[in-house]
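In: Kindly return the folded structure for what I paste below:
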Amino acid sequence: MIARIVGLRRCGKSTLFNLLSGREETGGRFGEKRLTVCRIADKRVSQLAEVYSSQKTTFPEIKIEEIPELSSRMLPDIKDADALIVPVRLFDDPVTREKPSPKKDIKEIDSELILNDVKAIETRLGTIERYIKKGASTQEREELERERALLTRLEGSLESGIPVRQIPLDKKEVEKTRNYSFASGIPILYLLNHNDDYKETAEALADRLSSLAGTDTLPMNVKLELELASLPDDERRELIDEFELEPVGADFLIKKVYNLLGLISFLTANEHEARAWTVKAGTDALHAAGTVHKDIQKGFIRAEVISFNELASVNFDTNLAKKKGLLRLEGKDYIVKDGDVILFRFNV
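Out: Okay, the predicted model is just below:
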């Protein structure tokens, strides 16, 4: 899974990437894409590692890539993303001398994504029309007519300025839209990148802009966050206390992107390794087992499951958890939940 940072000029894309990647430089060569792998900080893994004296701890990770510009040339990269992180400028720009206008910027970005989707729909509708005129079979024609009706409805909403992510769709329609890779349907997080002068404005605007964009909008002073992250822990805490700062933190943002991607973590632990495994929300126990090893999925018998919080409530005593009925035996159809601690039983 990959999330991509995109946005308009001078909105803080490179600074944000440096924060998430742990770099201190202000940027790379002009026009280059940059990729980093971000670890999802998870205290639950660390606690399990301590309890089981695990030799190794493994945390979940996601890939984040900075796209240098929002343009037609970069649209294939954008459409290929599983999620988008879009910083929006909320500070005065000394270079362009333009006052910030986050509402206008969000509309401009959405318009770029929407325009791409309208063009894609027009192309597909033309193809459908040709297939029908060529004499498709009755079954093929019915399927094409249903596709045309859906695309026509989507086109009407898009031309009204509504991105795909805000168009009401049923479960089957959602599945169909995934086949088209609509740019305006990609999960997106707008980041209100503000400085000290606009802190209160950012906090006041966040909810209104979330409603406008139909997605989360998070206020964040990215430059300050990067400066704080580069300091030793004691100096950072001292500065935060002295100036009563309220940093969001890179870990919080990365976890938010992880959730935006529709991902959850289940946990396994023994003396060898404590680990968080990444799966899509809604994954059943059988396929979660396959994430650990294909042989476990192949020979799946059952899963012993307890939530991390329940296990912690009995001081990580599995025998006590069994006595209290907290440790459950689940079959292959069980839907795994975030924070489940699982021991898979299998035979191959």
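In: quick one: low-confidence parts of this structure?
Out: Within the chain, the segments meeting pLDDT under 70 span 24-30, 72.
In: per-domain residue ranges of it.
Out: What the record gives for the chain is the domain set 2-97+185-260, 106-184, 282-346, from automatic domain parsing.
In: With distance to Leu267 and mean neighbour count added, can I get those in TSV?
Out: Where C-beta positions appear, they are placed from N, C-alpha and C, glycine not excepted. Supplementary listing: the domains of the chain in TSV, determined by distance: least, CB to CB, whole Å; neighbours: other CB atoms under 10 Å:
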stretch	distance to Leu267	mean neighbour count
domain 2-97+185-260	6	17
domain 106-184	29	15
domain 282-346	5	17
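In: Please, where are all the strands along the stretch 151-300 of the chain?
Out: Taking DSSP state E, counting those that start in this stretch as the criterion, the stretch 151-300 of the chain contains strands spanning 188-194, 217-220, 263-269, 273-280, 300-307.
In: Make JSON lines out of the ones you listed and add distance to Cys11.
Out: Listed next are the strands of the stretch 151-300 of the chain as JSON lines, based on distance: least, CB to CB, whole Å:
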{"stretch": "strand 188-194", "distance to Cys11": "6"}
{"stretch": "strand 217-220", "distance to Cys11": "12"}
{"stretch": "strand 263-269", "distance to Cys11": "26"}
{"stretch": "strand 273-280", "distance to Cys11": "29"}
{"stretch": "strand 300-307", "distance to Cys11": "40"}
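In: Looking at the ones you listed, spot the one closest to Phe252.
Out: Each of those was scored for nearness to Phe252 using CB to CB, and the closest is strand 217-220 (8.9 Å).
In: How about residues contacting that closest one?
Out: When contacts are defined by CB atoms under 8 Å, 6 or more residues apart in numbering, strand 217-220 is touched by residues 90, 189-194, 199, 202-203, 205-207, 209-210, 248, 253, 256.
In: How about stretch 311-320?
Out: Stretch 311-320 has contacts (CB under 8 Å, 6+ apart) with Gln47, Leu48, Val51, Ile306, Ala321, Lys324, Leu326, Leu327, Val341.
In: Then stretch 291-302?
Out: In this structure, residues lying in contact with stretch 291-302 by CB under 8 Å, 6+ apart are 268, 277-279, 283, 285-287, 289-290, 329-332, 344-348.
In: please redo it, this time with the cut-off set to 6 Å
Out: Applying CB atoms under 6 Å, 6 or more residues apart in numbering, the set of residues contacting stretch 291-302 from outside is Trp277, Val279, Leu286, Ala289, Gly290, Leu329, Lys332, Phe344, Arg345, Phe346, Asn347, Val348.
In: Send over it as PDB, restricted to the C-alpha atoms.
Out: Once non-C-alpha atoms are left out, stretch 291-302 reads as follows in PDB (Å, rounded to 0.1, in the frame of the first residue of the first chain):
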ATOM      1  CA  THR A 291      -0.500 -13.000   5.900                       C
ATOM      2  CA  VAL A 292       1.700 -14.800   8.500                       C
ATOM      3  CA  HIS A 293       2.400 -17.800   6.300                       C
ATOM      4  CA  LYS A 294       0.700 -19.600   3.400                       C
ATOM      5  CA  ASP A 295       1.100 -22.900   5.200                       C
ATOM      6  CA  ILE A 296      -0.900 -21.600   8.100                       C
ATOM      7  CA  GLN A 297      -3.700 -20.600   5.800                       C
ATOM      8  CA  LYS A 298      -3.600 -23.900   4.000                       C
ATOM      9  CA  GLY A 299      -3.700 -26.000   7.200                       C
ATOM     10  CA  PHE A 300      -5.900 -23.600   9.200                       C
ATOM     11  CA  ILE A 301      -7.800 -25.300  12.100                       C
ATOM     12  CA  ARG A 302      -8.800 -22.400  14.400                       C
END
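In: rewinding a little: for Glu273, which of the domains of the chain is the nearest?
Out: Smallest distance to Glu273 across the domains of the chain (CB to CB): 4.4 Å, for domain 2-97+185-260.
In: The closest one spans what distance, first to last residue?
Out: Across its full length, domain 2-97+185-260 reaches 11 Å end to end, with CA to CA, to the nearest Å as the criterion.
In: thinking again about what came up before, out of the domains of the chain, the one nearest His272 is which?
Out: Of all the domains of the chain, the one in closest proximity to His272, counting by CB to CB, is domain 2-97+185-260 (5.7 Å).
In: Return stretch 189-209 as PDB; C-alpha atoms alone will do.
Out: Taking only C-alpha atoms (Å, rounded to 0.1, in the frame of the first residue of the first chain), the coordinates of stretch 189-209 have been written out as PDB:
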ATOM      1  CA  LEU A 189      -6.300  13.600   3.800                       C
ATOM      2  CA  TYR A 190      -6.100  17.400   3.500                       C
ATOM      3  CA  LEU A 191      -3.400  18.900   5.800                       C
ATOM      4  CA  LEU A 192      -3.900  22.500   6.700                       C
ATOM      5  CA  ASN A 193      -0.200  23.500   6.800                       C
ATOM      6  CA  HIS A 194      -0.200  26.600   9.000                       C
ATOM      7  CA  ASN A 195       2.400  28.800  10.800                       C
ATOM      8  CA  ASP A 196       2.000  30.500  14.200                       C
ATOM      9  CA  ASP A 197       0.100  33.400  12.700                       C
ATOM     10  CA  TYR A 198      -2.600  31.200  11.300                       C
ATOM     11  CA  LYS A 199      -2.900  28.600  14.100                       C
ATOM     12  CA  GLU A 200      -6.300  29.700  15.300                       C
ATOM     13  CA  THR A 201      -7.600  30.200  11.800                       C
ATOM     14  CA  ALA A 202      -6.500  26.600  10.900                       C
ATOM     15  CA  GLU A 203      -8.300  25.200  13.900                       C
ATOM     16  CA  ALA A 204     -11.500  27.100  13.100                       C
ATOM     17  CA  LEU A 205     -11.400  26.200   9.400                       C
ATOM     18  CA  ALA A 206     -10.700  22.400   9.800                       C
ATOM     19  CA  ASP A 207     -14.300  21.200  10.300                       C
ATOM     20  CA  ARG A 208     -15.700  23.500   7.600                       C
ATOM     21  CA  LEU A 209     -13.100  22.400   5.100                       C
END
